[in-house]
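S.K.: predicted model follows, preceded by the sequence.
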Amino acid sequence: MCIIKNPFFSVVVPTYNRANLIVATLNSIFNQNFDSELEGDRISYEVIVVDDGSTDNTKEIIEKTYLDENSDNFEPRLRYFQKENEERSVARNFGISKAKGNYILFFDSDDFMQSHHLQTLYGAIKQNPTAQFLATKFEFEAKVNGENKIFPSHIAHLKEGFYDYKLILEGSYFGTLVCFDRKLIESKEGLKPFPTEFNICEDWIFLFRNLFIHKIPIYVIDKTTITVNDHPNRSMADNQKVILARLEATTFLEKNLSLSSDELTILKGNSYQFCAVHSYIDKNRKQAFEYWKKMVSYLGYNKNTIILGIKILIGKSFIEKLK
């Protein structure tokens, strides 16, 4: 394996049975415009693939694509690790432990990194040296009637700047698509790792705890640099699992962080809204209505809660027929 010296970024990519997707993802990372050397023997970035016990041919695909046939070295920026399956929270924590970069970021093994992503992060870090968490914006790509379509994400409206943990009281705005300063690992409080008891909503807990405990904001960059592959096999596709995980994550945050009563109202009200929406998507009107009532008890009646209530009463199946 090639020895990488002093990378500025470490990109941690956990993967499990994504042999059919991971090459496109890794190629998008290796296609970065951020390829120039920095100072001395420092390189711009390394890519750490954590194979979390894949049972498909992930290892063979990566070796065939990135292993130099004339040596035992992988593509110079690639470090590949195989481990037993322990789910993605453990895999990401493992990746953090192996990372050498000044800044560490996560990337899912089915998404696409646009060519200016790392350069955009680097520019923002240089302009805002106090920023310890950063995130760019992202878009979704989904197949609609056989054609790939691009859709903006729920953070498209955010202005560039610093935001504290209160921004994500409503939920996981950024997923795992965040970058952080490795100095947090050696700080007094220490980096709070991904909670290994969660493998859905773990990204929300990771960012929330670190912003809250370290009393630091996240810097949001007003540039779209990531395309999320919204395919049917994404982990967010099982609505009942997602609902249960969101409720458990909300309870975890309530018990482990000293949030004010107003903050808990926002946290719990938006979590019930999240559950109502996913129940509606799942065409479970009774469940959706129960969560909607709990949502209203915290958030009251407003344009959004009323519209959601009407949609639940009508039902997703009927609305689809109208379309």
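M.R.: Received, thanks.
S.K.: ok, the closest residue to residue 108 other than its chain neighbours - how many residues close by?
M.R.: Spatially, and ignoring its direct neighbours in sequence, residue 108 is nearest to residue 176 (6.6 Å; Cβ to Cβ, 6 or more residues apart in numbering). All C-beta spots, glycine's among them, are computed from the backbone N, C-alpha and C. Residue 176 has 20 neighbouring residues, counting by other Cβ atoms under 10 Å.
S.K.: make sure residue 176 is actually in contact with residue 104.
M.R.: No - judged on Cβ atoms under 8 Å, residue 176 makes no contact with residue 104 at a distance of 11.3 Å.
S.K.: export stretch 271-288 as CSV, just CAs?
M.R.: Taking Å, rounded to 0.1, in the frame of the first residue of the first chain, the C-alpha atoms of stretch 271-288 are listed here in CSV:
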residue,chain,number,x,y,z
SER,A,271,-39.7,14.9,14.7
TYR,A,272,-43.4,14.1,14.8
GLN,A,273,-43.8,16.1,11.6
PHE,A,274,-41.1,14.0,10.1
CYS,A,275,-42.8,10.8,11.2
ALA,A,276,-46.2,12.1,9.9
VAL,A,277,-44.7,12.8,6.5
HIS,A,278,-43.0,9.4,6.2
SER,A,279,-46.2,7.6,7.3
TYR,A,280,-48.1,9.6,4.6
ILE,A,281,-45.5,8.5,2.0
ASP,A,282,-46.0,4.9,3.3
LYS,A,283,-49.8,5.4,2.7
ASN,A,284,-50.5,4.7,6.3
ARG,A,285,-53.1,7.4,7.0
LYS,A,286,-54.0,6.3,10.5
GLN,A,287,-50.4,6.3,11.6
ALA,A,288,-49.8,9.6,9.8
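S.K.: what ranges do the strands span in the protein?
M.R.: Secondary structure of the chain by DSSP state E: the strands cover 9-15, 45-52, 78-83, 103-106, 112-113, 133-144, 147-152, 161-163, 179-181, 218-229.
S.K.: mind listing residues that contact the fifth one?
M.R.: It refers to strand 112-113. 11, 24-25, 28-29, 31-32, 107, 141, 225-227, 229 (Cβ atoms under 8 Å, 6 or more residues apart in numbering).
S.K.: just the buried residues out of those residues, in ChimeraX syntax.
M.R.: To isolate the buried ones among the contacts of strand 112-113 in ChimeraX, judged by 16 or more other Cβ atoms under 10 Å, type:
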select :11,25,28,29,32,107,225,226,227,229
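S.K.: picking up where we left off before, distance of the residue nearest to residue 108 from residue 289?
M.R.: For residue 176, the distance to residue 289 (Cβ to Cβ, to the nearest Å) stands at 32 Å.
S.K.: what do you get for residue 150?
M.R.: Distance of residue 150 to residue 289, given as Cβ to Cβ: 33 Å.
S.K.: of those two, which one has the most company?
M.R.: In this view residue 150 and residue 289 are compared by other Cβ under 10 Å, and residue 289 has more residues nearby, 15 against 10.
S.K.: I'd say that one and residue 314 touch.
M.R.: No - look at residue 289 against residue 314 with Cβ under 8 Å: they stay out of range, at 11.7 Å.
S.K.: where does pLDDT dip in the protein?
M.R.: The chain contains residues with pLDDT under 70 at 1-5, 35-43, 68-74, 231-237, 318-323.
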